[in-house]
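*Asks:* Provide a 3D model corresponding to the input given below.
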Amino acid sequence: MTQRPLTDQPIYPVSDFVRLTREIIEQHFSHVWLIGEISNFSRPQSGHWYFSLKDGSAQIRCAMFRSSNQQIRFQPQDGMHVLVCAKASIYEARGEFQLIVSYLEEQGTGALQRAFEQLKEKLFKEGLFDERYKKPIPRYPQRIGVVTSKTGAAIQDVLSVLKRRAPYVDIMIYPTLVQGAQASDQIIHAIEVANEHAECDVLLLVRGGGSLEDLWSFNKERVARAIFKSQIPIVTGIGHEVDFTIADFVADYRAPTPSAAAEMVSPDKNKLLEQLKQYEKRLIFAMKNHLSDHQKSIVWLQKRLQQAHPLRQIQAQSQRIDHLLVRIVSAQHRLLEEKKSQVQSLARSLHAMSPLATLDRGYSILMSKEGQVITDVKAVEVGDFVMAKLSVGQLGCRVEEKAEN
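*Replies:* Okay, the predicted model is just below:
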């Protein structure tokens, strides 16, 4: 029987030892970066990811819990080379060494992503993303320029949208590569040519979706500065809605897709026709009101003109003269009647005072043969011949006697 060796070291239950080992490993390897190939990838209903990370000589079991893998924008697959950030640990139930992954990216993407963030921060600090530099997008462009591959799906999407929405708009295509080593130079050249010729009202810079590497031509600093320098407004539609490039931040407007970019710069012909119909109705209504107001003004002016017409004035003055003549004649008639009445009254008064009236009462007027009225008996002598004037006729008389009393 083998004798147990003597020792002064503590004796651990398995669970305690595994736990202690886990704590030591996690303390010393809490944040490690590794590269390797994914194998045995699985995703149970819990949403957690389980896979092995291996190279040519070794492999490690890995777990990436749902709270972490929800931030990953791609679907891991067996055979994919990745860069991971993880914490070394032990799965106590089985005593298996494993990595708890907190970050995962395709190998090669990490360096590009860091370069992207560095350039983004640099250009942001320079002000290339500032809204004050954004040029307004023309509401009704006459000609639209498209910078993209002439064989890609993006140009077909753009042309389809423009044909449907704005068939009246001219389209100028500036064909370029949109991926590869020469793509950025061609994109810059296309933008410069469009600005030099000044043929377009707005430029569309578009391409279909792809990985970060595929879209890298749109993350070059020279491309960003060419977009910023452009005097023609530029609308980008690069990749899918979740894809953002440096070009998107510098452009005057960013659309999520090439089709959306085309829709953004092309007013819908159907909506335009409907607007025109509304404008036509409003214009007709306004013209009718305007004409009605003018017609009322013309009628009013015609009345004023008729009232101010010389013939009208002559007629009015003639009528006034006639009225005045009637008044004059009436006044004359009244005056004559008044004078006639006055004369009659005076005649009556005069008649009452007339000698003839006295004669009517039986008196007579004595006159000498010379026709002098005799008022005193001293004016005659007995035997003188006198005339007695009666009310009717006269008498020849001879004085036979006279008396002074």
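*Asks:* what about Gly383, neighbour count?
*Replies:* Gly383 has 9 neighbouring residues, counting by other CB atoms under 10 Å. Using the backbone N, CA and C atoms, a C-beta is placed for each residue, glycine as well.
*Asks:* contact partners for it?
*Replies:* 398-400 (CB atoms under 8 Å, 6 or more residues apart in numbering).
*Asks:* would it count as being in a strand?
*Replies:* No: according to DSSP: H, G, I helix; E, B strand; the rest coil, Gly383 belongs to no strand; its state is coil.
*Asks:* Lys369 versus that one, what's the distance?
*Replies:* 12 Å (CB to CB, to the nearest Å).
*Asks:* what is the burial count for the residue nearest to Glu263 when sequence neighbours are not counted?
*Replies:* Nearest residue to Glu263, sequence neighbours excluded (CB to CB, 6 or more residues apart in numbering): Val161, at 5.7 Å. The number of residues packed near Val161 is 19, by other CB under 10 Å.
*Asks:* please apply the same query to the one 4 residues further on.
*Replies:* Using other CB under 10 Å, the number of residues around Arg165 comes to 19.
*Asks:* so it touches Glu263, yeah?
*Replies:* Yes: Arg165 is within contact range of Glu263, at 6.6 Å (criterion: CB atoms under 8 Å).
*Asks:* which of the three states applies to the residue lying closest to Thr257 once chain neighbours are set aside?
*Replies:* Excluding the flanking residues, the one nearest Thr257 by CB to CB, 6+ apart is Gly237, at 5.4 Å. Here Gly237 is recorded as strand under three-state DSSP.
*Asks:* which stretches in the chain count as helices?
*Replies:* Listed in chain order, the helices of the chain (DSSP state H) span 14-28, 66-69, 109-126, 153-165, 183-197, 221-229, 246-250, 258-265, 269-308, 310-353, 355-360.
*Asks:* tell me which of those lies nearest to Lys389.
*Replies:* helix 355-360 (6.9 Å; CB to CB).
*Asks:* which stretches of the stretch 251-400 of the chain have low pLDDT?
*Replies:* Along the stretch 251-400 of the chain, the model assigns pLDDT under 70 to residues 308-309, 351-360.
*Asks:* any idea what Leu205 is bridged to?
*Replies:* Under the criterion DSSP bridges, Leu205 forms beta bridges with Val147, Thr236.
*Asks:* that one against Gly239, yeah?
*Replies:* No: contact criterion CB under 8 Å: Leu205 and Gly239 do not qualify, at 11.7 Å.
*Asks:* who has more neighbours, these two?
*Replies:* Neighbours per residue (other CB under 10 Å) separate Leu205 from Gly239, with Leu205 holding more: 31 against 24.
*Asks:* ok, the more buried one - contacts?
*Replies:* 147-148, 187, 191, 218, 227, 234-238, 247, 251.
*Asks:* closest one to Met172 out of these, please.
*Replies:* Val147 (9.7 Å).
*Asks:* tell me if I'm right that that closest one and Val206 touch.
*Replies:* Yes: the pair Val147 and Val206 passes the contact test of CB under 8 Å, sitting 7.5 Å apart.
*Asks:* what about Ile191, distance to Pro76?
*Replies:* Relative to Pro76, and taking CB to CB, Ile191 is found at 38 Å.
*Asks:* neighbour count: these two, which is higher?
*Replies:* Higher neighbour count among Ile191 and Pro76: Ile191, with 23 against 17, using other CB under 10 Å.
*Asks:* thought that one was touching Ser230?
*Replies:* Yes: contact status for Ile191 versus Ser230: in contact at 5.5 Å, counting by CB under 8 Å.
*Asks:* spit out the residues that contact those two alike.
*Replies:* Leu203.
*Asks:* which residues touch the closest residue to Ala262 other than its chain neighbours?
*Replies:* Of all residues beyond its chain neighbours, the one nearest Ala262 is Val161 (3.8 Å), with distances taken as CB to CB, 6+ apart. With contacts defined as CB under 8 Å, 6+ apart, Val161 is in contact with 259, 262-263, 266.
*Asks:* and if we set it to 6 Å?
*Replies:* 259, 262-263 (CB atoms under 6 Å, 6 or more residues apart in numbering).
*Asks:* and if you look at His290?
*Replies:* His290 touches nothing, counting by CB under 6 Å, 6+ apart.
*Asks:* any figure for the gap between it and Lys296?
*Replies:* 11 Å.
*Asks:* one more: Ala347?
*Replies:* On the measure of CB to CB, Ala347 and Lys296 end up 69 Å apart.
*Asks:* can you check Leu119 too?
*Replies:* Leu119 is 70 Å from Lys296, by CB to CB.
*Asks:* now swap in Leu366 and tell me
*Replies:* 96 Å.
*Asks:* Asp157 now?
*Replies:* Following CB to CB, the distance that separates Asp157 from Lys296 is 57 Å.
*Asks:* also Arg164?
*Replies:* For Arg164, the distance to Lys296 - CB to CB - is 48 Å.
*Asks:* look at those two and report which has more neighbours.
*Replies:* Counted by other CB under 10 Å, Arg164 and Lys296 do not tie: Arg164 has more neighbours, with 14 against 10.
*Asks:* contacting residues around Gln275?
*Replies:* Counting by CB under 6 Å, 6+ apart, Gln275 has no contacts.
*Asks:* in stretch 197-206, what's buried?
*Replies:* Residues of stretch 197-206 classed as buried by neighbour count (16 or more other CB atoms under 10 Å): 200-206.
*Asks:* between these, which is nearest Met387?
*Replies:* Using CB to CB, the buried residues of stretch 197-206 come closest to Met387 at Asp201, 137.9 Å.
*Asks:* show me the beta-bridge partners of Cys85.
*Replies:* Trp33, Tyr103.
*Asks:* give the burial count for it, as a bare number.
*Replies:* Residues near Cys85, counting by other CB under 10 Å: 16.
*Asks:* kindly report the same for the one 3 residues further on.
*Replies:* A count of nearby residues for Ala88, using other CB under 10 Å, gives 20.
*Asks:* I'd like the distance between the nearest residue to it once chain neighbours are set aside and Leu99.
*Replies:* Distances taken as CB to CB, 6+ apart put Phe29 closest to Ala88, at 3.5 Å, once the chain neighbours are dropped. Note on Phe29: its distance to Leu99, by CB to CB, is 9 Å.
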